[in-house]
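need a 3D model of the following:
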Amino acid sequence: MPALLDSLPSLRETVENHRLLAKKALGQNFLLDRNITDKIIRLSLEKQNKKDFGGEYVFEVGPGPGGLTRSVLEAQPQKLTVVEMDGRCIEIMQEIKKLAGNRLEIINADAMTIDFGKMDQAPRNIVSNLPYNISVPLLTGWLTQIENFSSLTLMFQKEVADRICAPTGCKDYGRISVFSQLLCKIEHLFDLNPNCFVPAPKIWSSVLLFQPLHAGISAEDLQKVEKLTSLAFGQRRKMIRQSLKALPEIKEKLERLNIAETARAEQLTPRQYLDLARLI
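The predicted structure follows:
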């Protein structure tokens, strides 16, 4: 497979040949350096103690000109499925498919409409330089069914990645921090300078690896955590006895869990939100 893919034009030549100008409306910023896309896959696999994706299924959202696509294919997945809305990028994927054959499946659709957890067999992995305008909604959807995946290797705006990884008590800690950390072990792989992209965005980017914790948290529990965090962080400057006052017997439940009613939203750990959710 690597030798076959090496016969493809370079990523920059591919972009020029297809006159592929990034569309802001689609949140596109293209990564054209294969050294970087190879690094994303190499570090992700190393952290998972894997040598490749052999026997596993991989999904990629928004492949663009195909840099990450090529790097994933060289990691020998059982199959790679790419989901792309832009018809220009679909043409590029078709060129790669001529070499990759049935190991590459192309879906021309909006990723927000796809249930990846029900596609193919396990183990399933998602690898993506996410369109920044839908990165959090996509992540939230995947987290609600994280037991269907072995890993998520995702690129975000650095400020979003900082929120996801933020520890309890800091200003960046919020709803997405609680949700992500309850469900996954999250590892920061590396940051990318804006100049790595075409066109260069105004912000840095970060690559994160999510691995399920298999914590046995039910869908009902997650819905309650979502409700709690919405109330608490919706009024994060207030004490939780005030922001959560709509919940019945909230003071008694806080006392039962040894949570100070004078605490504010960012002072409760993900586990405390879960424990409280299970009492409501």
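
pretty sure residue 7 sits against residue 98.
No - here residue 7 does not reach residue 98: they are 10.2 Å apart, not a contact under C-beta atoms under 8 Å. C-beta here means a position set from N, CA and C on the backbone, and glycine is covered the same way.

same drill for the two, tell me which one is more crowded.
In this view residue 7 and residue 98 are compared by other C-beta atoms under 10 Å, and residue 98 has more residues nearby, 10 against 7.

domains of this structure?
Partitioning the chain according to automatic domain parsing yields domains covering residues 2-212, 219-277.

and those domains, which one is worst for confidence?
Note on these: lowest mean pLDDT is at domain 2-212, with a mean of 91.

quick one: it to chain centroid distance?
Per C-alpha atoms, centre = their mean, to the nearest Å, the displacement of domain 2-212 from the mean C-alpha position of its chain is 8 Å.

phi, psi of the residue located most distally from the centre of the chain?
Counting by C-alpha atoms, centre = their mean, the extreme residue of the chain relative to its mean C-alpha position is residue 252, 36.9 Å from that point. In terms of degrees, to the nearest 10, the main-chain angles of residue 252 are phi -60, psi -40.

list the contacts of it.
The contact partners of residue 252, by C-beta atoms under 8 Å, 6 or more residues apart in numbering, come to none.

residues making contact with the longest helix anywhere in the chain?
As far as residue count goes, and with DSSP state H defining each element, the longest helix of the chain is helix 219-234. With contact meaning C-beta under 8 Å, 6+ apart, helix 219-234 is reached by 144, 174-175, 178-179, 182, 240, 243-244, 246-247, 265-266, 268, 273-274, 276-278, 280.

which of these count as buried?
Buried residues within the contacts of helix 219-234, counting neighbours by 16 or more other C-beta atoms under 10 Å: 144, 174-175, 178-179, 182, 240, 243-244, 247, 265-266, 268, 273-274, 276-277.

which secondary structure state does the residue nearest to residue 60 when sequence neighbours are not counted sit in?
Closest residue in space to residue 60, ignoring its immediate chain neighbours: residue 82 at 4.8 Å, by C-beta to C-beta, 6 or more residues apart in numbering. Three-state call for residue 82 (DSSP: H, G, I helix; E, B strand; the rest coil): strand.

wait, residue 82 sits on residue 109?
No - distance between residue 82 and residue 109: 10.5 Å, which falls outside the contact criterion (C-beta under 8 Å).

more crowded one of these two?
The neighbour comparison of residue 82 against residue 109 (other C-beta under 10 Å) goes to residue 82, with 28 against 11.

relative to residue 280, how far out is that one?
As judged by C-beta to C-beta, to the nearest Å, residue 82 and residue 280 stand 41 Å apart.

picking that back up, pick the most buried one from the domains of the chain.
Relative to the other members of the domains of the chain, domain 2-212 carries the highest mean neighbour count by mean count of other C-beta atoms under 10 Å, namely a mean of 18.

OK, contacts around residue 239?
Going by C-beta under 8 Å, 6+ apart, residue 239 touches 261-264.

got phi/psi on it?
The phi/psi pair for residue 239 (degrees, to the nearest 10) is phi -70, psi 150.

do residue 68 as well
Phi and psi for residue 68, reported as degrees, to the nearest 10, are phi -70, psi -30.

what's the closest non-adjacent residue to it?
Sequence neighbours aside, residue 37 is the residue nearest to residue 68 in space, at 4.7 Å (criterion: C-beta to C-beta, 6+ apart).

I'd say that neighbour and residue 67 touch.
Yes - the pair residue 37 and residue 67 passes the contact test of C-beta under 8 Å, sitting 4.3 Å apart.

which parts of the chain are helices?
Listed in chain order, the helices found in the chain under DSSP H are 2-5, 11-17, 34-47, 67-74, 87-100, 135-143, 158-165, 175-183, 219-234, 240-243, 250-256, 270-277.

nearest to residue 127, out of these?
helix 67-74 (5.7 Å; C-beta to C-beta).

check which helices and strands that closest one is in contact with.
With contacts defined as 3 or more C-beta pairs under 8 Å, 6 or more residues apart in numbering; DSSP states H and E, the secondary structure elements packing on helix 67-74 are helix 2-5, strand 30-31, helix 34-47, strand 57-61, strand 79-84, helix 87-100, strand 124-129.
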